[in-house]
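> need the 3D shape of this:
(chains A and B)
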There are 2 protein chains.
Amino acid sequence: MAPPRSFDQRRADALATLSAPEADAWVSTASPDGTAHLVPLSIGWTGATIVLVTVAESPTARNLARMGRARVALGGTRDVVMIDAELVADRALGDTPDQLLDAFAAQSGWDPRAESDEDEFRSFELRPVRLQAWRESNEIAGRTLMRDGAWLDGQQD
Amino acid sequence: MAPPRSFDQRRADALATLSAPEADAWVSTASPDGTAHLVPLSIGWTGATIVLVTVAESPTARNLARMGRARVALGGTRDVVMIDAELVADRALGDTPDQLLDAFAAQSGWDPRAESDEDEFRSFELRPVRLQAWRESNEIAGRTLMRDGAWLDGQQD
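The predicted model follows:
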């Protein structure tokens, strides 16, 4: 097992994972009655928020609109970036700032504006509230890098 | 993009993913008030059920005990095995059949019975109800391989 990474290294690695070309996330949401949904989706990372694009009638879109939050994982099961996020904007594609969709398209390689059924898509902008990053069991301690939307800057969790 | 796999190939690939040494799953559960939880966990695959082991006070354990279901993903975001599963047994570690824990330990490489705090762990046995497998967009059609707990044997979804 490799030695545990420092706070700064984990933060740098987490930001690199969020910024990577074709970054995909496992997006977990729940309905009001407690049914969990999970699906892989491409993301755009703006530097402060995660942008998702999916069809309006999907369980993920409906759950985000109703519950306003998601739990989002990036990376592998043994190199995890785990984010609890809150919804800050839920927009029809046509109402989404082009700058946001440009960033999403550039990172994901997919521009939903080019789809023939683009009217069926919505964008969701999510703000990380808590972010954790760990690889193996020796990285469970210190895995919380952000809490209440703020980086902890080396404070141990 | 590779051509879409046949039903039989997808089923064989999904079973290989479930049976692989050190197979990890993304386990998504929800609380009764609609808060989604997501965590990577090692699995044991018995051929019919998925075995998870986690501490009794974890959100996953509490959600499984209360809601009786989970959505479980294996593989990568572009080679997905997605399972909707229902809980068939929730046991203290000491009440879990040794055969089940032997299979779990052999596959995962981790034997929770060897932990000093083994009393804190519970095992959860989950039965797949629906199973889907897809890689790229050309595999969305036909991605449902199992429904109501039964393999579809080549019927298209």
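
> for the rest of this, base every contact and every neighbour count on C-alpha atoms.
Will do.

> just the element for the closest residue to A:Pro21 other than its chain neighbours, please.
Counting by Cα to Cα, 6 or more residues apart in numbering or on different chains, the nearest residue to A:Pro21 once its immediate chain neighbours are dropped is A:Gln107, at 4.9 Å. Element membership of A:Gln107 [criterion: DSSP states H and E] is helix A:98-108.

> following element in sequence after that helix, please.
strand A:121-134.

> now the angle between helix A:98-108 and that following strand, please.
Inter-element angle recorded for strand A:121-134 and helix A:98-108: 60 degrees (by axes from the mean of the first three to the mean of the last three Cα atoms, to 10 degrees).

> compute the inter-axis angle for the longest helix belonging to chain A and strand A:121-134.
Ranked by number of residues, the top helix in chain A under DSSP state H is helix A:7-19. When the same axes, to 10 degrees is applied, the directions of helix A:7-19 and strand A:121-134 differ by 160 degrees.

> and helix A:7-19, what does it pack onto?
Contacts defined by 3 or more Cα pairs under 8 Å, 6 or more residues apart in numbering or on different chains; DSSP states H and E place helix A:7-19 against strand A:44-45, strand A:69-76, strand A:121-134, strand A:144-147.

> residues in contact with A:Gly34?
Contact analysis of A:Gly34 by Cα atoms under 8 Å, 6 or more residues apart in numbering or on different chains lists B:Ala30, B:Ser31, B:Pro32, B:Asp33, B:Gly34, B:Thr35, B:Ala36, B:Met67.

> just the buried subset of the residues you listed, written out for PyMOL, thanks.
This is how PyMOL selects the buried members of these, with burial counted by 16 or more other Cα atoms under 10 Å in any protein chain shown:
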select buried, chain B and resi 30+31+32+34+35+36+67
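
> same list, the contacts of A:Gly34, but as a markdown table with secondary structure, distance to B:Ala14 and pLDDT please.
Converted to a markdown table, the contacts of A:Gly34 look like this (DSSP: H, G, I helix; E, B strand; the rest coil; distance: Cα to Cα, whole Å; pLDDT from 0 to 100):
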| residue | secondary structure | distance to B:Ala14 | pLDDT |
| --- | --- | --- | --- |
| B:Ala30 | strand | 25 | 98 |
| B:Ser31 | coil | 28 | 96 |
| B:Pro32 | coil | 30 | 93 |
| B:Asp33 | coil | 32 | 92 |
| B:Gly34 | coil | 29 | 92 |
| B:Thr35 | coil | 29 | 96 |
| B:Ala36 | strand | 25 | 98 |
| B:Met67 | helix | 26 | 97 |
